[in-house]
Every structure is written in structure tokens, then in C-alpha cells.
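[1] Got a predicted model here, sequence first, then my questions.
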Amino acid sequence: AQSVTQPDIHITVSEGASLELRCNYSYGATPYLFWYVQSPGQGLQLLLKYFSGDTLVQGIKGFEAEFKRSQSSFNLRKPSVHWSDAAEYFCAVGVLTGGGNKLTFGTGTQLKVEL
Amino acid sequence: GAGVSQSPRYKVAKRGQDVALRCDPISGHVSLFWYQQALGQGPEFLTYFQNEAQLDKSGLPSDRFFAERPEGSVSTLKIQRTQQEDSAVYLCASSVDRVNQPQHFGDGTRLSIL
């Protein structure tokens, strides 16, 4: 069965510093990979997705992620963090079911930004 | 509105009561998903609809959980004889009917069982 591991439960960075959130997945086939962000009391907002092609994908809000098949990783990066980026971040792998993807999520990484 | 709408936003029920949670997907979205998010955890898949057909219900934790989407639009997740372990945020997501299209999430219903 598929699984997603986000090894960092909490991360604190200073505003303006760079950020990398780690994600490792386990899935037998070519994965569909996603990063979502969740603010308190809100639903999940898609940051970026990988289906195929270029392994470096660009997303919204200046985020990017790199798919590394050899490491089964899909780490999220941002060169300069803003205070408004403080939120919880979820990595997910999509598994085909019928005509759609059901998502398996990691446990999330809570990002705190120090001013 | 243009997004996925869920109601109610908050629901408090006593143990043993039945509850119903509603999801209005984005207009035209064929696929609809329900997820359960326990406190401090990532969302977990419950069930999936394509139009009115429930194609995958492998994530429903027990037969107390039932979901329907009778006209292929609005969906209702029903939980019978609620237990304390049912306390969670229930998220609904919808997408167009293509594998490489992302899911759009609602803000969820926070269910608290006393």
C-alpha cells in the first residue's frame, strides 16, 4: 500500500530565510504527487503537483518541489519565506480509483515563521 | 460561490445521535471525495463518487458511515450512532473527471461528539 512520510513535525524559520520541507513516499507505480497547505480552520489549498515530465515543478506563492525517483522524495522549497507562509503543509500521493485520484497524505509539517 | 461549500461548519452531537454533513461541489465537477482529518493528522480518504456512482468506499471506517450523491451533485455523509472517535474534521473535495486534475477542498465540517 502507498504511504507518505513527512519526518519533520514542526519547523521554525526566520522570515526571509530559505525553506525545505521533506517528503518521502512509498508507491509501487509512477506516483502522482502533491503539496497542499492548510491554514487554521481552512481547507486544503493546492501548492503544486507532479504527474510526469520535468522533475522540478513550480507552484503558487513562490514554492517549488523536486521529484527524485531514486530517493522516493518530493521535497518542497522556497528561497525566501514570508510571515504569511506560516501554516501546515501536507504532502500527498495520488492513487487511481475509478476516474480519479484518491489521496494519501502525510501527517503534515507545521511551519512557524519568526519575524 | 466558486468553491466547494460544506455545511454546517461546526456540529456538536451527543454520543449515539445521527449526523448528516453536506457538500456542494464546484459546478460541473464530476468527481467528489470525502476525507476525515483527526486532530494533528493528515486527512484520510473515506469515499469517492463519480457523478452519482460511489466507486470507492474502502476508507469508510464502519457500517455506521454512509455517503450518497443521488443526483451527481450535492453529497451527504451520514454517520449513525456517533461515537467519540468520530470527532474530526470532515473534508469534501471535488475535481473534473480527469486523472491529472487536482482536487479542490472545502473548509470542512468540524464534528465534535460529546
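    Here it is on my side, so go on.
[2] can you pull up the bridge partners for the spatially most central residue of chain B?
    Among the residues of chain B, the one closest to the centroid is B:W34, at 3.4 Å (Cα atoms, centre = their mean). On the basis of DSSP bridges, B:W34 is bridged to B:T47, B:C92.
[3] nearest residue to A:R77 other than its sequence neighbours?
    Excluding the flanking residues, the one nearest A:R77 by Cβ to Cβ, 6 or more residues apart in numbering or on different chains is A:E20, at 5.0 Å. (Each C-beta comes from the backbone N, C-alpha and C, glycine too.)
[4] Tell me the residues of chain A that contact chain B?
    A:4, A:32, A:34, A:36, A:41-46, A:49, A:51, A:90, A:92, A:96-108 (Cβ under 8 Å from any Cβ of the partner chain).
[5] Now the buried members of these.
    Taking 16 or more other Cβ atoms under 10 Å in any protein chain shown as the criterion, what is buried in the residues of chain A next to chain B is A:4, A:32, A:34, A:36, A:43-44, A:46, A:49, A:51, A:90, A:92, A:97-106, A:108.
[6] pLDDT weak spots in chain B?
    Applying pLDDT under 70 to chain B flags residues B:1, B:98-99.
[7] Now with 80, please.
    Within chain B, the ranges that satisfy pLDDT under 80 run B:1-2, B:97-101.
[8] Which parts of it are strands?
    For chain B, strands defined by DSSP state E occupy the ranges B:5-7, B:10-13, B:19-24, B:31-37, B:44-50, B:53-56, B:65-68, B:75-79, B:88-95, B:104-105, B:109-113.
[9] One more: chain A?
    Using DSSP E, strands in chain A cover A:3-5, A:10-14, A:19-21, A:24-26, A:32-38, A:44-50, A:56-58, A:64-68, A:73-78, A:87-97, A:100-105, A:109-114.
[10] what's the most buried one of those?
    Compared across the strands of chain A, strand A:100-105 shows the largest average neighbour count, a mean of 25 (mean count of other Cβ atoms under 10 Å in any protein chain shown).
[11] Report all helices and strands that that one contacts.
    strand A:3-5, strand A:32-38, strand A:87-97, strand B:31-37, strand B:44-50 (3 or more Cβ pairs under 8 Å, 6 or more residues apart in numbering or on different chains; DSSP states H and E).
[12] Mind listing the strands the helix or strand of chain A at the bottom of the mean pLDDT ranking pairs with, and their directions?
    Within chain A, confidence by mean pLDDT, DSSP states H and E is lowest for strand A:100-105 among all helices and strands, at a mean of 88. Looking at strand A:100-105 with DSSP bridges, its partner strands are strand A:87-97 (antiparallel).
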